[in-house]
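1. below are the sequence and a predicted model; questions follow.
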Amino acid sequence: TVRPLLARLAGDEFTLFFPDVGSAAEAERLARRLVLAIGEPFELHGHSVDIGASVGVAMSPAHGRSVEELMKAADIAMYRAKGRGGHQHCLFNDAIAEEHRHRLETEKALVDAVQRGEFVLALQPQLSLGSGAVTGAEALLRWNHPTRGLVRPAEFIAIAEQTGVINDIGDWVMAEVVAMLASWEETGEGLDRVAFNISPRQIERADFFPRLRQIFANAGVGLDRVELEFTETAAMECSAAVLAEIAEVRREGARIAIDDFGTGYSNIARLRKLPIDRVKLDQSLIHDIVSSEQARNVVQAVIQLVRGVDCELVAEAVETVAQADILRAMGCETIQGFVFAEPMMESEFLDWTRHASSEGRSAA
Ligand code: C2E
Ligand code: MG
Ligand code: MG
């Protein structure tokens, strides 16, 4: 009989080869025992050490006939197990193969898309509930795909973030916003300030803030013409150095917003110390404020919290007049949502703002 083979490939990656496992179920049982055994604490020079493992399982011939194919399938499954939090195994299957293929394709298409200039920005106005005036707009990324048409970020941002191509996309967004603001300055159109989204991956880079300044300075556009939206989790988890950078661009005029508030992990003590101006309440929090008293109570509490740290509140994805009325009564300053405007392409947006200012349009 051929004995099992254990090999160390590189770093912390090992391969186990079992020549005569009868079924996928048996392979999974083995993988499970392995994960449990490795998960046991052990003694090392008098210290108790905890390690964990993520195991990917691939079977031959179903998942590969050559060693290379088999190891590749196991590798993909292992990353899946890791992505789910580790300390577990994952058996390769067709769905995983398909998803992997889709990811690789999207990855490549995104790199091409940056080069071919296939991205566009849509603008969605923000409305002051007090005055009924349009007081800002958020730039939202769209991928103008040659065959699929306009693709929304939900379908590609996560992949772009995993592969790092988000940095190139983010650079494009920034340059595009600056160019737009510069052209508005010439024609006297548009708004004073535009918000755009920044990925947590972007702010990890040491050169992000210097480049931001540079791009604005080169175009002669002041930082007081933008609002930078960081996600709640990014704002809570970023390093002290990044926080100092954020505080610095804020002093230079940029407005700082926390996006999707209520979906990440908020450290309330830290919230007070963050250099922020606005908090954007996530759509999941306001979705059922009309029908649910509990939902209203939660939103009211969050509004008080945000007030307590001297920030302005923006409610996202407001879809009905009833929602807008409740938010106004609760003291929310600004809303953004389909109730009064969807994201629009720039020329449409400019038409819309002309109209809005001549009609004194309001949400409710
Ligand atoms: P977000 O920043 O929270 O943007 C708000 C999202 O809510 C947008 O989705 C917008 O179209 C949508 N929305 C606005 N009003 C309504 C409404 O009344 N009802 C509903 N159901 N939805 C509404 P979108 O454009 O698909 O963007 C999704 C997310 O993708 C954004 O969420 C943001 O996190 C990310 N994103 C968008 N553009 C960029 C970008 O340039 N860079 C990065 N890193 N992320 C971006
Ligand atoms: Mg946003
Ligand atoms: Mg949001």
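-> Here it is on my side, so go on. Ligands and ions are numbered 1, 2, ... in the order given.
2. and the end-to-end length of stretch 181-199?
-> Separation of the first and last residues of stretch 181-199 by C-alpha to C-alpha, to the nearest Å is 21 Å.
3. do that stretch and ligand 1 meet?
-> Yes. On the criterion C-beta under 6 Å from any ligand atom, stretch 181-199 is in touch with ligand 1 at F196, N197, S199. Using the backbone N, CA and C atoms, a C-beta is placed for each residue, glycine as well.
4. touching ligand 1 at all, the biggest strand by length in the chain?
-> Longest strand of the chain, by residue count under DSSP state E: strand 134-145. Yes. Under the criterion of C-beta under 6 Å from any ligand atom, ligand 1 is reached by strand 134-145 at L140, L141.
5. against which helices or strands is that strand packed?
-> The contact analysis (3 or more C-beta pairs under 8 Å, 6 or more residues apart in numbering; DSSP states H and E) places strand 134-145 against helix 94-116, strand 119-128, strand 149-151, helix 166-187, strand 194-198, helix 346-359.
6. now the angle between helix 94-116 and the second one, please.
-> Using axes from the mean of the first three to the mean of the last three C-alpha atoms, to 10 degrees, the interaxial angle of strand 119-128 with respect to helix 94-116 works out to 90 degrees.
7. next, the buried residues of strand 119-128.
-> F119, L121, A122, L123, Q124, P125, Q126, L127, S128 (16 or more other C-beta atoms under 10 Å).
8. per-residue confidence for the first one?
-> It stands for F119. Per-residue confidence (pLDDT) for F119: 97.
9. ligand 3 versus that one, what's the distance?
-> 19 Å (C-beta to the ion, to the nearest Å).
10. look at the spatially closest residue to T1 that is not a sequence neighbour and give its secondary structure.
-> Spatial nearest neighbour of T1, excluding adjacent residues (C-beta to C-beta, 6 or more residues apart in numbering): D20 at 7.0 Å. Three-state assignment for D20 (DSSP: H, G, I helix; E, B strand; the rest coil): coil.
11. tell me if I'm right that D20 and R3 touch.
-> No. Taking contacts as C-beta atoms under 8 Å, D20 lies outside contact range of R3: 9.8 Å.
12. related to what we said a few turns ago, out of the residues of stretch 181-199 next to ligand 1, which is nearest to ligand 3?
-> N197 (8.1 Å; C-beta to the ion).
13. next, the contact list for the closest one, please.
-> Listed by C-beta atoms under 8 Å, 6 or more residues apart in numbering, the contact set of N197 reads E138, A139, L140, L141, V173, E229, D259.
14. what subset of the residues you listed is also close to ligand 3?
-> Contacts with ligand 3 within the contacts of N197, counted by C-beta under 5 Å from the ion: D259.
15. most neighbours out of the contacts of N197, which is it?
-> D259 (25 neighbours; other C-beta atoms under 10 Å).
16. so the nearest residue to that one once chain neighbours are set aside is in which element?
-> Leaving aside its chain neighbours, D259 sits nearest to E229 (4.3 Å; criterion: C-beta to C-beta, 6+ apart). Using DSSP states H and E, E229 falls within strand 226-231.
17. elements contacting that strand?
-> strand 194-198, helix 200-203, helix 240-251, strand 255-261.
18. again, only using 6 Å
-> Applying 3 or more C-beta pairs under 6 Å, 6 or more residues apart in numbering; DSSP states H and E, one finds that strand 226-231 contacts strand 194-198, strand 255-261.
19. can you say which of those is packed in most?
-> strand 255-261 (a mean of 23; mean count of other C-beta atoms under 10 Å).
20. and the contacts of that strand?
-> 227-229, 231-232, 235, 250, 275-282 (C-beta atoms under 6 Å, 6 or more residues apart in numbering).
21. understood, closing this out.
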